[in-house]
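Novice: got a sequence here, can you model it:
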Amino acid sequence: MTGHLLTLNAGSSSIKFALFDPAKGLQTPEKAGQVDGIGTRNGPADHTAALQQVMGRIDGTRIAAVGHRIVHGGTRFDQPCVIDEAVLRGIENLSTLAPLHQPPNLAGVRAAQAAFPGVPQVACFDTAFHRTMPEVHQRFALPDELFERGIRRYGFHGLSYESITAQLREGYPELAAGRMVIAHLGNGCSMTAVENGRSMATTMSFSPLDGLTMGTRCGRLDAAVVLHLQQQEGLSPGEVSRLLHKGSGLLGLSGLSSDMRELETAAATGHEGAARALDHFVEQILREIAALAAALRGLDALVFTGGIGENAAALRARIVEGAAWLGLQLDADANRRVPGAITAADSPVQALVLRTGEEAVIAGHTARLTGVA
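Specialist: Next up, the predicted model:
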């Protein structure tokens, strides 16, 4: 089968795309971009209309296969798979576990099926990477019957972690075989303990709402807060969901923005809310590094990735210096010249910055499952 591979990452209001020519390799796309504003006054009406814009940007290129990022695979989907009606139903049945992510993912698949009839489509699941976690790290302290019904820690950002572990195997094989914490820091944030390339424990759990402080998501929260907001403050379930997903995190803490660049600028000029948000963010990361290192019974490397992890040098410095007790020794000059190692050569524990390549991971799985070459 000949032609190009198209990867799609459909969100509620955007579609990210990347176009790969298998003849030239699957590490770097020929084209990549994003269509924003789906459902807004000046944007495309729906995902089908947005995909029409994507098709315009790829100039009528023949598409041999399409790969999709799907956020939640539950316990059933532990590997990428070719999409058929049974797979679509399975993905749809998981929508309640990721209500902000799964429906747009499905809309992207259906739009691509309509746009490219007969072209094979592949689902790549963000949760699949974490199916190697030991059961002790999957369970909540809830009755076993709930675990069997799917109430468990799943973990997310798996395509990013898969990209980073592949880069480590190629460029840093000794570290790849050891114990590392990978920090995917962006608008959505998570961290994962990885041993010899396998996920052992992670911060996001049942949903992408848990774990670290994020752009607008609250991260880890006492479950009684939700009960209090409903029973004492009179918020409806929908209002609580909007608060925790859209009005919390860095935005809620700062009262200003969810954008790390804006917060760093504001904090430097004395904005108390911005400084408070940054302090909280760093502290939560430091606590989770310690917890994940404990799950690994030691630490050989810390890896930063994601939009914040790859670009916020001052924030990385605060984190590495705060984790000095674990054996990290920052090289300030190297921290300004990324990607690569940002700790001293003789640092007992290494820290690195690597640029994630989720689209390349999706393209690789799609090529393998469809025979596109």
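
Novice: looking at it, residue 78 is touching residue 129, isn't it?
Specialist: No: judged on C-beta atoms under 8 Å, residue 78 makes no contact with residue 129 at a distance of 9.2 Å. (Glycine included, C-beta is placed from N, CA and C.)

Novice: so which of the two has more stuff around it?
Specialist: Comparing residue 78 with residue 129 by other C-beta atoms under 10 Å, the one with more neighbours is residue 129, at 27 against 15.

Novice: can you give me the distance of the more buried one to residue 175?
Specialist: 18 Å (C-beta to C-beta, to the nearest Å).

Novice: now do the same for residue 56: helix, strand or coil?
Specialist: helix (DSSP: H, G, I helix; E, B strand; the rest coil).

Novice: find the residue at the geometric middle of this structure.
Specialist: residue 157 (3.0 Å; C-alpha atoms, centre = their mean).

Novice: pLDDT wise, what is it at?
Specialist: If you check residue 157, the pLDDT there is 95.

Novice: contacts only, for it.
Specialist: 126, 184, 188, 190, 192, 204, 306 (C-beta atoms under 8 Å, 6 or more residues apart in numbering).

Novice: tell me the phi and psi of it?
Specialist: Backbone torsions for residue 157, taken as degrees, to the nearest 10, come to phi 60, psi 30.

Novice: tell me the spacing between it and residue 126.
Specialist: 6 Å.

Novice: next one: residue 244
Specialist: 20 Å.

Novice: and if you look at residue 58?
Specialist: In terms of C-beta to C-beta, residue 58 sits 24 Å off from residue 126.

Novice: these two - which one has more neighbours?
Specialist: Between residue 58 and residue 126, counted using other C-beta under 10 Å, the more crowded position is residue 126 (27 against 17).

Novice: and the pLDDT for the more buried one?
Specialist: 96.

Novice: tell me the contacts of it?
Specialist: Counting by C-beta under 8 Å, 6+ apart, residue 126 makes contact with 69, 70, 71, 72, 73, 156, 157, 158, 159.

Novice: if I pick the residue lying closest to residue 98 once chain neighbours are set aside, what's in contact with it?
Specialist: Spatially, and ignoring its direct neighbours in sequence, residue 98 is nearest to residue 72 (4.2 Å; C-beta to C-beta, 6 or more residues apart in numbering). By C-beta under 8 Å, 6+ apart, residue 72 lies in contact with 91, 94, 97, 98, 101, 102, 125, 126, 127, 154, 156.

Novice: with secondary structure added, can I get these in JSON lines?
Specialist: Conversion of those to JSON lines gives the following (three-state DSSP):
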{"residue": "91", "secondary structure": "helix"}
{"residue": "94", "secondary structure": "coil"}
{"residue": "97", "secondary structure": "helix"}
{"residue": "98", "secondary structure": "coil"}
{"residue": "101", "secondary structure": "coil"}
{"residue": "102", "secondary structure": "helix"}
{"residue": "125", "secondary structure": "strand"}
{"residue": "126", "secondary structure": "coil"}
{"residue": "127", "secondary structure": "coil"}
{"residue": "154", "secondary structure": "coil"}
{"residue": "156", "secondary structure": "coil"}
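
Novice: give me the buried subset of the residues you listed.
Specialist: 91, 94, 97, 98, 101, 102, 125, 126, 127, 154, 156 (16 or more other C-beta atoms under 10 Å).

Novice: and residue 170, how many neighbours?
Specialist: Residue 170: 9 neighbours (other C-beta under 10 Å).

Novice: what of residue 86?
Specialist: 9.

Novice: and what of residue 159?
Specialist: Neighbours of residue 159 using other C-beta under 10 Å come to 28.

Novice: and the residue nearest to residue 98, that one's in a helix?
Specialist: No: counting by three-state DSSP, residue 72 is not found in a helix; it is coil.

Novice: how near is it to residue 282?
Specialist: 29 Å.
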